[in-house]
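K.L.:
Predicted model follows, preceded by the sequence.
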Amino acid sequence: MSIRLPASPGAWAVAALGVLFVLLGLVLTCGGIWLISLGGSWYYALAGLGLIASGALLTQTRIEGLYVYAAVFAFTLLWSLWEVGLDGWGLVPRLVGPVVLLALALASLPVLMKRRGAGKIAGFSLAGLAVVTVAFSALVANAQSMNPLPLPAANAVVSSDPDAIPVDADWAAYGGSYHAQRYSTLNQITPENVGKLERAWSIHTGDLPGDRPGAQNKYASENTPLKIGNVLYICTGKSMVVAADAATGRQLWKSDPQVDDKSIPYTAACRGVSYYTVPAANPADPCANRIIWGTLDARLIAVDARTGKRCAGFGQGGQVDTSANMGQPIPGMVSITSAPTIVRGVVVTGHQILDGQNRYAPSGVIKGFDAVSGQLRWAWDMMRPDINAAPPAGQTYTLGTPNMWTTASGDERLGLVYLPLGSTAADYYSSSRQPLELQYATSLVALDVTTGKPRWHFQTVHHDVWDYDLGSQATLVDYPTPAGAVPAVVLPSKQGDIYVLNRETGQPLTQVAERPVPQGGVEPQMRAATQPHSLFHTLRRPNDLTERQMWGMSPIDQMVCRIQFRQASYEGFYTPPTTERRYIEYPGYNGGSDWGGVAVDPARGIIVANYNDMPNYNRLVPRAQADANGWFPRGDPRLDQPTRARGGGMKNHAEGAGDPQANTPYAITVNAGWRLPFTGLLCKEPPYGGIRAIDLRTGRTIWDRPLGTARKNGPFGIPSGLPIEIGTPNNGGAVVTAGGLIFVAAATDDLIRAIDLRTGKTVWTAPLPGGGQATPMTYSVGAKQYLVIAPGGHHFMETPVSDEVIAYALPS
């Protein structure tokens, strides 16, 4: 057989296209055969063989190559519709690449038809146009139409707590109040006029990482300011507090605790500060009204709310070392990144104990301090119920116990604080955990602020080895029942389940079922036979992941994800950790619901929850291999240089991506979100995050939609600029107002948006200078309502860092 060489530039172009088809076909064929051997789809191998045949013919400028590709494309189209129907996001990796190749093939028609006449060109062109039209129509179907249910009839329930802080002109606590409803009675801004919202002012705090090695890639302030009177109180990533005029943004004072970069744990964050008024004090006295907050180096600081000067009578010179007796003081291992909760004059704080470092990390003890003197009132060490303050000389609180890194809520009337706890240190291994740790880990604990003793607890995960710690602040509501309103707590979880509990007793007010879960893994004897599931509501998708849900920008990377899926251990929700191969954790450790929590409109009886919908791709790594990788815990002398090990030292990677878990048999490597290294895209199809309105009375979904556009996301880290609502990963919460609006940023598209509570539709957006991974807040000065957000950015979410705080308002 003679080989015919191309005779013109056009023929050379067609031959080059043929070579491209052959190369793509070889990749698909080899990968497809691998996938078949794992029990996966046959499509890729068959399509690859078709591409090879088509490409070989095109290199000879034979029109039969186009015929073969047309058959491959028809096969691809039918297979795609069979697998995912008209799911637009599902069709993207299956059809976009083949449509591009079809367009290139059609462009070669003039060359291929020279010897065949022009009569068939129109037919091929029309066929191609029809195919592209079908593909376009399918992609348009991606716009997920919402048919929201009617809102519940307004039936306001008066709070059962007479001391609850009203949330109207002021925003006096991290969650609006210590009930953490993130609801404001302000109604000046409405769906009808929100389109006129404009910047009123902005302020720069001056806290940026710059080029400091210990701070780069570690900033994420996550701050929600407070507003009391006419003053706004802002906290920055490095624990600085800035007071600003709430109407103009003019800085009034700044307090810098001079935290060293070495004390940054995983993230330089300060979610909030707390405000306290000393009972019966003369308002003109210094520190009669005070701002109290925690720092990255575990100090509790109190300053005068008017001047920013330290409160001399609080601790030693206005500060208390909260890390005393918690274990070896390694910088960055013990931090405070969330606002303290103050109930009955007791400042309650937990600590962020740096994850994944050591089974015997510093203690997760919870401490209560006098809000006036700073004196330790009590300490709750779950393993040492015999002690209620400092341990005996020479001893420490129990090492490695579950900690509370997030924010507590509080009930002044009941004298309770509600602590969302994490798991024992070394999140992914449980054999060394003690009975009391197993009892309290991953639980909401109601603690009596007078005694520091637990009143009740409710556990959301038994023997947690999935890092499903309770990251959300619980929300206090009055839950409507046929017998009347019951004081309740709404508890979101990383698994997506939302529980409603009696906040006096901890008993569920809605149904909870214990359901069987997968067994086995590296510790089969430690796996619980069942896990709790909320029958009230879950943000989790109803079905487990399947190979069909694997995604990418083309058939090739989708095929790679399908191979990874088939290679991994996956038995559904609560798949146990494994070491011989990767395992899939779905949902991943970002939720469900994380530290942004939920917002509740108590007048309309609606829960507003933004959430994540992504898996993690994990593996337990044997100790010898982890040591060979240089995965040592922070503070280990083998870390000659701060950045030698991905899992230790300054830890500037995704949480869990090489964490040593010292003093256990295994380290852990986590591919958070399950991303492909060469494209950066996630292996699961979108959406990756959403926002939902839920009827508080029944748990039914009123509406549900993706949250976040693709404008700042794309393959290889290149922003696509597309305004399509893909539903991005998100961190940070929402605020809901009596005006019928939800304000939320959180997503990775660097936008703040207003959503109509009735319909779920976005009615206003504004671009932000940094990532919006923070919960906004709203307040009024005079007759004007303001919306404020601190878009500090987030290294883990890969959004830009900013030190700007922005206020929006309607035109005067």
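P.N.:
Sure thing, it's come through. Numbering: from 1, shown residues only.

K.L.:
Quick check: residue 700 touching residue 693?
P.N.:
No. With contact defined as C-beta atoms under 8 Å, residue 700 does not reach residue 693; the gap is 9.9 Å. Every residue, glycine included, has its C-beta placed from N, CA and C.

K.L.:
Who has more neighbours out of those two?
P.N.:
Each of residue 700 and residue 693 had its neighbours counted (other C-beta atoms under 10 Å), and the higher figure belongs to residue 693 (26 against 12).

K.L.:
Helix, strand or coil: sort out the closest residue to that one other than its chain neighbours for me.
P.N.:
In this structure, residue 693 finds its nearest non-sequential neighbour in residue 702, 4.1 Å apart by C-beta to C-beta, 6 or more residues apart in numbering. Of the three states, residue 702 takes strand according to DSSP: H, G, I helix; E, B strand; the rest coil.

K.L.:
For residue 702, give me its contacts.
P.N.:
For residue 702, the set of contacting residues under the criterion of C-beta atoms under 8 Å, 6 or more residues apart in numbering consists of 148-151, 606, 692-695, 760.

K.L.:
Let me see the mean pLDDT of the lengthiest helix in the chain.
P.N.:
Secondary structure assigned by DSSP state H gives helix 9-37 as the longest helix of the chain. Helix 9-37 shows a mean pLDDT of 94 in the predicted model.

K.L.:
One more: stretch 303-311?
P.N.:
The predicted model assigns stretch 303-311 a mean pLDDT of 98.

K.L.:
swap in stretch 705-719?
P.N.:
Over the span of stretch 705-719, the pLDDT mean works out to 92.

K.L.:
And it, what's buried?
P.N.:
Applying a neighbour-count criterion of 16 or more other C-beta atoms under 10 Å, the buried positions in stretch 705-719 are 705-714.

K.L.:
In JSON lines, list those residues along with secondary structure and distance to residue 669.
P.N.:
Compiled in JSON lines, these are given as follows (DSSP: H, G, I helix; E, B strand; the rest coil; distance: C-beta to C-beta, whole Å):
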{"residue": "705", "secondary structure": "strand", "distance to residue 669": "34"}
{"residue": "706", "secondary structure": "strand", "distance to residue 669": "29"}
{"residue": "707", "secondary structure": "coil", "distance to residue 669": "29"}
{"residue": "708", "secondary structure": "coil", "distance to residue 669": "27"}
{"residue": "709", "secondary structure": "strand", "distance to residue 669": "31"}
{"residue": "710", "secondary structure": "coil", "distance to residue 669": "28"}
{"residue": "711", "secondary structure": "coil", "distance to residue 669": "31"}
{"residue": "712", "secondary structure": "coil", "distance to residue 669": "27"}
{"residue": "713", "secondary structure": "coil", "distance to residue 669": "24"}
{"residue": "714", "secondary structure": "coil", "distance to residue 669": "26"}
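
K.L.:
Which members of these define the maximum pairwise distance?
P.N.:
Of all pairs drawn from these, the one with the longest distance (C-beta to C-beta) is 705 and 714, at 21.4 Å.

K.L.:
re the thing from before, now for the longest helix of the chain, which elements pack on it?
P.N.:
Contact here means 3 or more C-beta pairs under 8 Å, 6 or more residues apart in numbering; DSSP states H and E; on that basis helix 9-37 packs against helix 43-59, helix 64-84, helix 97-107, helix 109-112, helix 555-567.

K.L.:
can I get those helices in TSV with distance to residue 500, mean neighbour count and mean pLDDT?
P.N.:
Formatted as TSV, the entries for those read as follows, by distance: least, C-beta to C-beta, whole Å; neighbours: other C-beta atoms under 10 Å; pLDDT from 0 to 100:
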stretch	distance to residue 500	mean neighbour count	mean pLDDT
helix 43-59	45	22	97
helix 64-84	35	18	95
helix 97-107	46	19	92
helix 109-112	64	20	84
helix 555-567	35	22	97
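
K.L.:
would you turn those into a markdown table with distance to residue 776?
P.N.:
Conversion of the helices and strands packed on helix 9-37 to a markdown table gives the following (distance: least, C-beta to C-beta, whole Å):
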| stretch | distance to residue 776 |
| --- | --- |
| helix 43-59 | 45 |
| helix 64-84 | 36 |
| helix 97-107 | 39 |
| helix 109-112 | 55 |
| helix 555-567 | 35 |
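
K.L.:
Residue 584: which of these is closest?
P.N.:
Using C-beta to C-beta and comparing those, the one that lies nearest residue 584 is helix 555-567, at 7.3 Å.

K.L.:
ok, and what's touching the next helix or strand after the closest one?
P.N.:
Moving toward the C-terminus from helix 555-567, the next helix or strand (DSSP states H and E) is strand 583-585. Counting by C-beta under 8 Å, 6+ apart, the neighbours of strand 583-585 from elsewhere in the structure are 466, 521, 545, 565, 568-570, 575-577, 615-619, 674.

K.L.:
list the buried ones in the helix or strand harbouring residue 487?
P.N.:
Secondary structure from DSSP H and E places residue 487 in strand 484-492. Residues of strand 484-492 classed as buried by neighbour count (16+ other C-beta under 10 Å): 486-492.

K.L.:
okay if I get these as JSON lines plus distance to residue 56?
P.N.:
As requested, the buried residues of strand 484-492 are exported to JSON lines (distance: C-beta to C-beta, whole Å):
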{"residue": "486", "distance to residue 56": "73"}
{"residue": "487", "distance to residue 56": "74"}
{"residue": "488", "distance to residue 56": "69"}
{"residue": "489", "distance to residue 56": "67"}
{"residue": "490", "distance to residue 56": "63"}
{"residue": "491", "distance to residue 56": "61"}
{"residue": "492", "distance to residue 56": "56"}
